[in-house]
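K.L.:
sequence unavailable; structure follows:
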Ligand code: NCD
């Protein structure tokens, strides 16, 4: 684990070896999750704070469950009821949180780059990006890769299975931190990624995007897709102004039952959640066995346990000792 970074800010922080390490450690934590008492003492005495400046259901609960299953203490910061409302700056908030004695800060923010800025301010605590603006959401990409590997198998560490794997990412790529993280993860593993969406919601240029192709015809790629990954329209980031109407969007890019039937049998359908039934995915498609959405959520806990272990385990980032 010597190669594991100090903070997890972006998928670009992780090379193939580090991704493989997260997946292997997550395998053993997934086993812990299946026990009657799914708790281990690994992070006893450590304190982890979640600072979510944006809405979240699964990511916050997943990180907090992961930390608690490892016996860490968890503090949950709610900006709406904090001194942010009294005018405290982000920097002062972060310094306060660090002075209280955190070993890790898990941060979500509407502005891209905030976790990286926070990482420059702290000196003895690990920073984990739980989603920043349209930029990155690395643990989401890691749990997606974990889920694909679980479905497709492939022996050894399962990473060879990703080489040349045809992954199609559909929807609001423009505003999606999930897509940016997924593309980085799949590309690192050698997969062949195709982006599909309306022209207004695809990157204007593919420069810097390690993808094989981008296009507007979902129907044309369904038969050859081996992993289908859907994205929600990011209404809170203004996506509504980029599509003529939700109905038009669904007609061209929604995974309807008719489209799902054209996928090769067993092709995993992924979605980071929250899903909006009837828009990017039909209600009945979300409930098909091929839709791995609840597996993704379940796997997210094991993957986040692995990330916390690799950042904090074995004496790394011992804020209490040094602070
Ligand atoms: C995503 C997010 O917040 O970036 N959700 C999640 O973390 N599972 C995707 C989304 O909100 O559409």
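P.N.:
On my side now, so go ahead. The shown structure was predicted, so the numbers you read here are calculated from the model rather than taken from an experiment.
K.L.:
alpha carbons only for contacts and neighbour counts from here, please
P.N.:
Will do.
K.L.:
for residue 297, which non-adjacent residue is closest in space?
P.N.:
Once flanking residues are discounted, residue 297 sits nearest to residue 58: 7.1 Å by Cα to Cα, 6 or more residues apart in numbering.
K.L.:
just the strands in the stretch 101-250 of the chain please.
P.N.:
104-109, 126-132, 166-170, 192-196, 213-215, 227-230 (DSSP state E, counting those that start in this stretch).
K.L.:
now those in JSON lines, with distance to residue 154?
P.N.:
Formatted as JSON lines, the strands of the stretch 101-250 of the chain follow (distance: least, Cα to Cα, whole Å):
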{"stretch": "strand 104-109", "distance to residue 154": "32"}
{"stretch": "strand 126-132", "distance to residue 154": "29"}
{"stretch": "strand 166-170", "distance to residue 154": "15"}
{"stretch": "strand 192-196", "distance to residue 154": "17"}
{"stretch": "strand 213-215", "distance to residue 154": "25"}
{"stretch": "strand 227-230", "distance to residue 154": "15"}
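K.L.:
hey, which of these is tucked in deepest?
P.N.:
For the strands of the stretch 101-250 of the chain, the largest average neighbour count (mean count of other Cα atoms under 10 Å) is found in strand 126-132, namely a mean of 27.
K.L.:
who touches that one?
P.N.:
With contacts defined as Cα atoms under 8 Å, 6 or more residues apart in numbering, strand 126-132 is touched by 6-10, 59, 103-115, 118-119, 136-139, 177, 311-312, 317.
K.L.:
so which of the residues you listed reach the ligand?
P.N.:
Among the contacts of strand 126-132, the residues lying close to the ligand (Cα under 6 Å from any ligand atom) are 59, 177.
K.L.:
can I get the buried part of the contacts of strand 126-132 as one PyMOL selection?
P.N.:
Buried subset of the contacts of strand 126-132, written as a PyMOL selection, criterion 16 or more other Cα atoms under 10 Å:
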select buried, resi 6+7+8+9+10+59+103+104+105+106+107+108+109+110+112+113+114+115+118+119+136+137+138+139+177+311+312+317
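K.L.:
just the ones in helices from the contacts of strand 126-132, please.
P.N.:
Counting by DSSP state H, the contacts of strand 126-132 place 59, 114-115, 118-119, 138-139, 177, 311-312 in helices.
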